[in-house]
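S.K.: sequence and computational prediction follow.
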Amino acid sequence: MSMADQLIHQVLWPIIYILCITVPLIIAVAMFVYWERKVIGWMHVRLGPNKIGPFGLLQAFADVFKLLLKEVILPTNANRFLYYLAPLLTLIPALAAWAVIPFSSKMVLSNANAGVLYLLAMTSLGVYGIILAGWASNSRYALLGAMRSAAQVISYELAMGLCLVCVLVLAGSLNLTDIVNAQAGHKGFFDWFWLPLLPVFVIYFISGVAETNRAPFDVAEGESEIVAGFHVEYSGSAFAIFFLAEYANMILVSFLASILFMGGWLSPLQGWIHADVSPWVNWIWTGGFIWLFIKAFAFSFMFLWFRATFPRYRYDQIMRLGWKVFIPIAIVWVLVAGCMKYYGLVSIGTGV
Amino acid sequence: MNPQLLQLICFYAFGFVTVAAALSVITLKNTVHAVLALVLTFFSAACLWMLIDAEFLALALIVVYVGAVMVLFLFVVMMLDIDQERLREGFVKFLPVGLIVAAAMLAEMLGLIGVRALHAHVMGADPAAVAGVSNTEWLGMALYTRYLLPFEVAALILTVGVVAAVALTLRQRADARYETAAQQVKVNARDRVRIVKMDAVLDYETKDSPDHSSQGPQP
């Protein structure tokens, strides 16, 4: 192969693939913000944004442009380098984690063997941005928010890691495509891992809510106590980056919950219908990326539902829930999952 | 550009970042910057391991050290009130000790150079490649079958460490106040709120008050 061919295959195409994931993701974040305001509005018996564009659809873009045009203020005596680095350190892991997400049996950017480990590594890096933002801002509120956030993220990462171990024990692989294929079978959605791992599934999603610092675990930015937490001093585009990272992480957790426990791109009707109508209809029972998007949308809706429904947890209650409730249950369920696998109580599919 | 050349370029790039970051750990004046340089050192070391197909070790390094240990370390350093000048006072006094440690480490590292070449002679080819499985899978098989006992002993030692750390730092404070979640859940509305029945309108006619129209506060 010539040099130009090599360059196209090894550099240009990967960059195009990466853009194919990140650009829709960023647009999805903008639309998700609109959807959040709309849903919470309905739940509060309000209208939500409805002025800009049809049904207020352009509200999110108006907000983004407003933020981008605003001045980024550097507080007095702030650490300039770390202050500007912190938002990027939050955003990069949030986007990098998407590299191993399989959208369907063939659609994945990097089909890495240790995909789950890579995800754990990337999600654990995000906390640096939060801590550094809090410290570099030279503000008490920001530092308090950063401390709360870091303690919370580290605590819930343990529970989340143990939940992943349960999935790994059943699937017997660290590869996300293999994990989804292990949930294939003939019993429809009863073949998915949510059934044998029901407690772990619940723990995983709640830990995901806590990891992303969302309500009811949003003490890191508890408005009533510390104004806005770690990003209180940030304005303009720097704040927009924190915002983008938080919402990208929420969508990531929704996708992961769908992939690990709800069969990813598999159809809930798998094995029940054996018809061949047309490629445009067959995905309803053979599975396809649309199912993954539907599942992820349902999970991300739960984030908004939680926010509109639950009051904020107290800090000691958060720590108690993580350390004394979730981690013991998850440890016990690792054992249960091992027994289920050993005695062959769970049917493990191999994909098509 | 063949893949080996690309790998070599990556190796030198990561190696340069590792060495530069490790140097800045000991040269940077700001302690928080030094900890961040250490994080970068770990991260680029993990990238180096990734290059030699040790993906499990590389990712474990990031998850354990970068994601958990260094975060706590960063916290401790942020909370410290360090006097930079006093830290540098003993620099000359401790220099000989530092040089001896550095020389010992250098000798050990030089000894390592031949090991990779020897490895193929003594141990044979990479067992993961021979078995045709990924490095992570082979490591898991080896740890949970052949080396199960040492692995479990290591886990036990770590547990002892955790218990010891808790035992050393846990102090029962007499003035600490606790809430029991089970009791909080069991709380009944009747224990907290007392409903008092009373008439909505005070019947002024029965009382012999001198001024019926008075709205001001009673003395």
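M.R.: Structure's in. What do you need? What you see is a predicted model, and the numbers here were worked out from it, not measured in a lab. Residues are numbered from 1 along each chain as shown, chains lettered A, B, ... in the order given.
S.K.: name the helix or strand of chain B that has the lowest mean pLDDT.
M.R.: Every helix and strand in chain B was compared by mean pLDDT, DSSP states H and E; the lowest is helix B:84-89, with a mean of 64.
S.K.: which is the next helix or strand following that one?
M.R.: Going down the chain from helix B:84-89, the next helix or strand is helix B:91-113, by DSSP states H and E.
S.K.: quick one: that next one to chain centroid distance?
M.R.: Centroid separation between helix B:91-113 and its chain, computed with Cα atoms, centre = their mean, to the nearest Å, is 28 Å.
S.K.: can you check stretch A:88-102 too?
M.R.: 10 Å.
S.K.: pull out the buried positions in that stretch.
M.R.: By neighbour count on 16 or more other Cβ atoms under 10 Å in any protein chain shown, the buried set for stretch A:88-102 is A:89-102. All C-beta atoms are positioned from the backbone trio N, CA, C, and that covers glycine.
S.K.: can you lay out those residues as JSON lines showing secondary structure?
M.R.: Converted to JSON lines, the buried residues of stretch A:88-102 look like this (DSSP: H, G, I helix; E, B strand; the rest coil):
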{"residue": "A:89", "secondary structure": "helix"}
{"residue": "A:90", "secondary structure": "helix"}
{"residue": "A:91", "secondary structure": "helix"}
{"residue": "A:92", "secondary structure": "helix"}
{"residue": "A:93", "secondary structure": "helix"}
{"residue": "A:94", "secondary structure": "helix"}
{"residue": "A:95", "secondary structure": "helix"}
{"residue": "A:96", "secondary structure": "helix"}
{"residue": "A:97", "secondary structure": "helix"}
{"residue": "A:98", "secondary structure": "helix"}
{"residue": "A:99", "secondary structure": "helix"}
{"residue": "A:100", "secondary structure": "helix"}
{"residue": "A:101", "secondary structure": "coil"}
{"residue": "A:102", "secondary structure": "coil"}
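S.K.: from the residues you listed, which single one is nearest residue A:168?
M.R.: residue A:100 (14.3 Å; Cβ to Cβ).
S.K.: which one is that closest one nearest to, not counting chain neighbours?
M.R.: The spatial neighbour of residue A:100 that comes closest, neighbours along the chain excluded (Cβ to Cβ, 6 or more residues apart in numbering or on different chains), is residue A:115 at 4.0 Å.
S.K.: list the contacts for residue A:147?
M.R.: A:134, B:75 (Cβ atoms under 8 Å, 6 or more residues apart in numbering or on different chains).
S.K.: let's go with 10 Å and repeat that
M.R.: A:130, A:131, A:134, A:135, A:220, A:229, A:230, B:75, B:78, B:79 (Cβ atoms under 10 Å, 6 or more residues apart in numbering or on different chains).
S.K.: okay, and it sits in which element?
M.R.: Using DSSP H and E, residue A:147 falls in helix A:140-171.
S.K.: any stretches of the chain with poor pLDDT?
M.R.: No chain in the question, so chain A it is. A:1, A:350-352 (pLDDT under 70).
S.K.: let's do chain B instead
M.R.: For chain B, the ranges with pLDDT under 70 are B:1, B:82-91, B:114, B:116-117, B:119-124, B:202-219.
S.K.: closest approach to chain A from it, which residue is it?
M.R.: As assessed by Cβ to the nearest Cβ, chain A sits closest to residue B:67 within chain B, at 2.8 Å.
S.K.: and the gap between that residue and residue B:74?
M.R.: The gap separating residue B:67 from residue B:74 is 12 Å, by Cβ to Cβ, to the nearest Å.
S.K.: same check on residue A:296?
M.R.: Note on residue A:296: its distance to residue B:74, by Cβ to Cβ, is 33 Å.
S.K.: same check on residue A:169?
M.R.: Residue A:169 is 33 Å from residue B:74, by Cβ to Cβ.
S.K.: all good on my end, thank you.
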